[in-house]
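Student: Just need the structure, nothing else, for what follows:
(one chain, ligands or ions: 1)
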Amino acid sequence: MLGLWRKIRRTGRIAEPAPPAPGDRVEAAAGLGGSVQIRHVDAGSCNGCEVEIGSAFGPVHDAERYGARLVASPRHADALLVTGVVTRNMAEPLRRTFEAVPAPKLVVAVGDCARDCGVFAGAYGVVGPVSDVVPVDLEIAGCPPRPEAIVEGLRKLTGR
Ligand code: SF4
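Tutor: Sure thing, here's the model as predicted:
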């Protein structure tokens, strides 16, 4: 056990090197002081985007070091991170979650499904992309987006 602790101490923290700070920032996020609390909403995802979000907040990409933090309640959040197409069963919960976020509330559509329905466009259970249900401030493209792209998008909110 002691050997393991020594090894951890010797190795230190390993993460991707920080890329340069984003030049452009989502204007509505300017008053958030570099710290953005985020509530994730799966509106009908295949879970591919969730895997990449998990990686973006994992120890390698570590989105928290830029001030982005996942929280458990929309009432504690500044922004929503929405994945997937909006399905019929999730349209109203998404609307209510958006209503529960205190102003200024930001919405990030993560993945091609959230942006334009992606591969699920025209499916019978689909209401539409996220922007058909709540206003979207930032889109992150990809199916699924790479963790680097998710971190880059979140940094446009935090400005760090
Ligand atoms: S964008 Fe791709 S990975 Fe993300 S929910 Fe849609 S199909 Fe799944």
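Student: Give me the neighbour count for whatever residue of the chain ends up closest to the ligand.
Tutor: Taking Cβ to the nearest ligand atom, the ligand has its nearest neighbour within the chain at residue 48, 2.6 Å off. Using the backbone N, CA and C atoms, a C-beta is placed for each residue, glycine as well. Neighbour count of residue 48, defined by other Cβ atoms under 10 Å: 16.
Student: Check the gap between the nearest residue to it once chain neighbours are set aside and residue 152 for me.
Tutor: Of all residues not flanking residue 48 in the chain, residue 144 sits nearest, at 4.1 Å (Cβ to Cβ, 6 or more residues apart in numbering). Residue 144 sits 14 Å away from residue 152, going by Cβ to Cβ, to the nearest Å.
Student: Have a look at those two and say which one is more surrounded.
Tutor: Neighbours were tallied for residue 144 and for residue 152 using other Cβ under 10 Å; the higher tally belongs to residue 144 (24 against 17).
Student: residues touching the more buried one, list them.
Tutor: By Cβ atoms under 8 Å, 6 or more residues apart in numbering, the contact set of residue 144 is 48-49, 51-52, 111.
Student: quick check, nearest of the residues you listed to residue 19?
Tutor: Comparing these against residue 19 with Cβ to Cβ places residue 52 closest, at 16.9 Å.
Student: so what's the closest one closest to, chain neighbours aside?
Tutor: residue 144 (4.6 Å).
Student: so that neighbour is in which element?
Tutor: In the assignment (DSSP states H and E), residue 144 maps to no helix and no strand.
Student: what's near enough to touch the residue lying closest to residue 152 once chain neighbours are set aside?
Tutor: Leaving aside its sequence neighbours, residue 152 sits nearest to residue 22 (Cβ to Cβ, 6+ apart; 6.7 Å). Listed by Cβ under 8 Å, 6+ apart, the contact set of residue 22 reads 152, 155-156, 159.
Student: What about the residues you listed, which one has the most neighbours?
Tutor: Of these, with other Cβ under 10 Å as the count, residue 155 tops at 22 neighbours.
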